[in-house]
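Q: Sharing a model that was predicted from the sequence below.
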Amino acid sequence: MARGQKTVYICQQCGYQSPKWLGKCPACGEWNSLVEERAPSPESERRRLGYMGRAAPKSYAEIEPHADVRWTSGLPEFDRVLGGGIVPGSVVLVGGDPGIGKSTLLLQVADQLTRRYGAVLYVSGEESERQIKMRGERLGLQARALYVLTETQLESVCDAIETLRPSAVVIDSIQTIFSEAFESVPGSLTQVREAATRFLMLAKSHEIPIFLIGHVTKEGMIAGPKALEHIVDTVLYFEGERHQNHRVIRAVKNRYGATNEVGVFEMTSRGLIPVPNPSAMFLSERPLGVSGSVVSACLEGTRPILIELQALVGSSGYGVGRRMTRGVDPYRVALLLAVLERRAGLQLAGCDVFVNVAGGISVDEPAVDLAIVAAVASSFRNVAFDPQTVVFGEVGLAGEVRAVSAAAARAREAAQMGFRHLVLPENNRRSVEASETLEVIGVRSIFEVLDLLLSE
């Protein structure tokens, strides 16, 4: 820093500012997150906030409603996550692990948009033009109106957008873009906030949808300050196991649609292919007549999906049983095991218990509690649960089974997949109509579920 310039220490996680360096941020509690930066001048602050002069208040009744016109991306699962399609003028942030398929997906979306709406600008700060061309040839793209710009300077990118006036813009990635107005390094709070704000202004003023690709930390969160997620309109997370072919896009914020919506894709040599029926994919390799395997219906956004919950209970050689989970909350599983031991009399303290959601998908709703209980009890007693049965419901500490939301939608998905029996909370039974092909069984406690298991 030049002598005489005022500096400030800014937390790169929450934006807290301090006149001196601190080892721990007082606001968010993060260690070693304060970085010295030059204090922004009033002129740069006005430029960052998009100062356009004074604006007069307008009556709510005088505001003309804007028709919700959405563009199709050509990928139905991607449109579902966005709430029905791409909204012109929106800013979408896509995050995920390295190599998960973020660039591949947005390159496919850019190709589809060029065929329907005109030119698309793909800005890359990490790859060369030849690398992008090689990926496009592998995906079989024929996008003649796709323009590639390898640039990291914010002012140059904005000038290219103003000159080309594309129908959409893809920025890969937001952490590599920097502005010459600030001396901080790319990816810092000041640079990321400046770049995101400028892109937001361009998107709103020209009605151009802009997609931002973001890096993630080792914890799986989008790298950089939380201010980045507050600025954009939609935040999408790309999930999936490296050794699995499917990928899941999850919306955690969406100003134009429902949150927690998911889209399922299959990774192939020709790119990402939408999966219209995720339940069939997750249950395609399900074993029949094996203890510890139970099918449950979870709700992802507005879509019910059937999944297979697996449990394995065995004797521990160390005296103290281990608890290992994959795809479900380990604390929730520990709670359910305590309920089984205390209320149902299953002696699990000296047993190793492993719980897994087959297929690599993660589930965090309490509606799968009853399926976890049934899977653990099935493995503990070595009795197979009926393979034609779907189980869902929330379990309380007293062993009671509580009602869950969207029971009718879960029942319809089970009937469409050809299941014959449905075990659900008794309070949800009224909202679900039985049919000739689907028998509905309401339960009030885990004891009734264990009795059903023994009867099988």
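A: Structure received.

Q: okay, CA-based contacts and neighbour counts for the rest of this
A: Fine.

Q: Which single helix of this protein contains the most residues?
A: helix 189-206 (DSSP state H).

Q: Just the buried residues of that helix, please?
A: 189-203 (16 or more other C-alpha atoms under 10 Å).

Q: quick one, helices of the chain?
A: Under DSSP H, the chain gives helices at 42-48, 76-81, 102-117, 129-139, 154-164, 189-206, 227-231, 278-282, 330-343, 369-381, 407-416, 446-455.

Q: by contact count, what packs against the last one?
A: When you say that, I think you mean helix 446-455. If you count contacts as 3 or more C-alpha pairs under 8 Å, 6 or more residues apart in numbering; DSSP states H and E, helix 446-455 packs onto helix 369-381.

Q: Now do the buried residues in the helix it packs on.
A: Using 16+ other C-alpha under 10 Å as the test for burial, helix 369-381 gives Asp369, Leu370, Ala371, Ile372, Val373, Ala374, Ala375, Val376, Ala377, Ser378, Ser379, Phe380.

Q: Specify the angle between the longest helix of the chain and helix 154-164 in degrees.
A: Per axes from the mean of the first three to the mean of the last three C-alpha atoms, to 10 degrees, the angle that helix 189-206 makes with helix 154-164 is 10 degrees.

Q: Just give me how far helix 189-206 sits from the chain centre.
A: Relative to the mean C-alpha coordinate of its chain, helix 189-206 is positioned 23 Å out (C-alpha atoms, centre = their mean, to the nearest Å).

Q: when you give positions from now on, start the count at 519
A: Sure thing, new numbering starts at 519, so read that last one as helix 707-724.

Q: which helices and strands sit right next to that helix?
A: Checking 3+ C-alpha pairs under 8 Å, 6+ apart, helix 707-724 ends up next to helix 560-566, strand 609-614, helix 745-749.

Q: count of neighbours near Leu854?
A: Residues near Leu854, counting by other C-alpha atoms under 10 Å, number 21.

Q: gap between it and Leu940?
A: 21 Å (C-alpha to C-alpha, to the nearest Å).

Q: Skipping adjacent residues, who's closest to Val780 in space?
A: Arg768 (4.5 Å; C-alpha to C-alpha, 6 or more residues apart in numbering).

Q: is it true that the one you found touches Ala776?
A: No - Arg768 is beyond contact range of Ala776, at 10.9 Å (criterion: C-alpha atoms under 8 Å).

Q: of these two, who's got more company?
A: Arg768 (24 against 18).

Q: Tell me what the more buried one is bridged to.
A: Tyr755, Val780 (DSSP bridges).

Q: show me what contacts it?
A: By C-alpha atoms under 8 Å, 6 or more residues apart in numbering, the contact set of Arg768 is Val599, Leu754, Tyr755, Phe756, Glu757, Asn778, Glu779, Val780, Gly781.

Q: Pipe these into a markdown table and attach neighbour count, pLDDT and distance to Val913 per row.
A: Below are the contacts of Arg768 laid out as a markdown table (neighbours: other C-alpha atoms under 10 Å; pLDDT from 0 to 100; distance: C-alpha to C-alpha, whole Å):
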| residue | neighbour count | pLDDT | distance to Val913 |
| --- | --- | --- | --- |
| Val599 | 26 | 93 | 30 |
| Leu754 | 26 | 93 | 30 |
| Tyr755 | 23 | 90 | 29 |
| Phe756 | 20 | 87 | 30 |
| Glu757 | 21 | 83 | 28 |
| Asn778 | 18 | 77 | 22 |
| Glu779 | 23 | 85 | 24 |
| Val780 | 24 | 87 | 25 |
| Gly781 | 25 | 90 | 28 |
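
Q: Closest one of these to Glu647?
A: Glu647 lies nearest to Phe756 out of these, by C-alpha to C-alpha, at 24.2 Å.

Q: wait, what's in contact with that closest one?
A: Val612, Gly613, Gly614, Asp615, Ile618, Gly619, Lys620, Arg765, Val766, Ile767, Arg768.

Q: Output the lowest mean pLDDT helix or strand found in the chain.
A: When the helices and strands of the chain are scored by mean pLDDT, DSSP states H and E, helix 560-566 comes last with a mean of 54.

Q: List the buried residues for the lengthiest strand in the chain?
A: Longest strand of the chain, by residue count under DSSP state E: strand 821-833. Of the residues in strand 821-833, Arg821, Pro822, Ile823, Leu824, Ile825, Glu826, Leu827, Gln828, Ala829, Leu830, Val831, Ser833 count as buried by neighbour count, 16+ other C-alpha under 10 Å.

Q: Could you do stretch 719-739 as well?
A: Met719, Leu720, Ala721, Ile726, Pro727, Ile728, Phe729, Leu730, Ile731, Gly732, His733, Val734.

Q: contact partners of that stretch?
A: Under C-alpha under 8 Å, 6+ apart, the answer for stretch 719-739 is 568, 604-616, 620-621, 624, 684-693, 717, 740-741.

Q: What of stretch 796-809?
A: Here stretch 796-809 makes contact (C-alpha under 8 Å, 6+ apart) with 782, 811, 823-826, 876-877, 893, 896-897, 900-905, 935.

Q: For the contacts of Phe756, give me TSV that also has pLDDT and distance to Arg653.
A: Formatted as TSV, the contacts of Phe756 follow (pLDDT from 0 to 100; distance: C-alpha to C-alpha, whole Å):
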residue	pLDDT	distance to Arg653
Val612	94	19
Gly613	90	19
Gly614	86	19
Asp615	85	18
Ile618	87	14
Gly619	88	11
Lys620	91	12
Arg765	88	18
Val766	88	21
Ile767	91	21
Arg768	89	24
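
Q: Make JSON lines from those residues and add distance to Tyr527 to it.
A: Shown next, in JSON lines, are the contacts of Phe756 (distance: C-alpha to C-alpha, whole Å):
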{"residue": "Val612", "distance to Tyr527": "28"}
{"residue": "Gly613", "distance to Tyr527": "27"}
{"residue": "Gly614", "distance to Tyr527": "29"}
{"residue": "Asp615", "distance to Tyr527": "29"}
{"residue": "Ile618", "distance to Tyr527": "34"}
{"residue": "Gly619", "distance to Tyr527": "35"}
{"residue": "Lys620", "distance to Tyr527": "33"}
{"residue": "Arg765", "distance to Tyr527": "39"}
{"residue": "Val766", "distance to Tyr527": "38"}
{"residue": "Ile767", "distance to Tyr527": "36"}
{"residue": "Arg768", "distance to Tyr527": "34"}
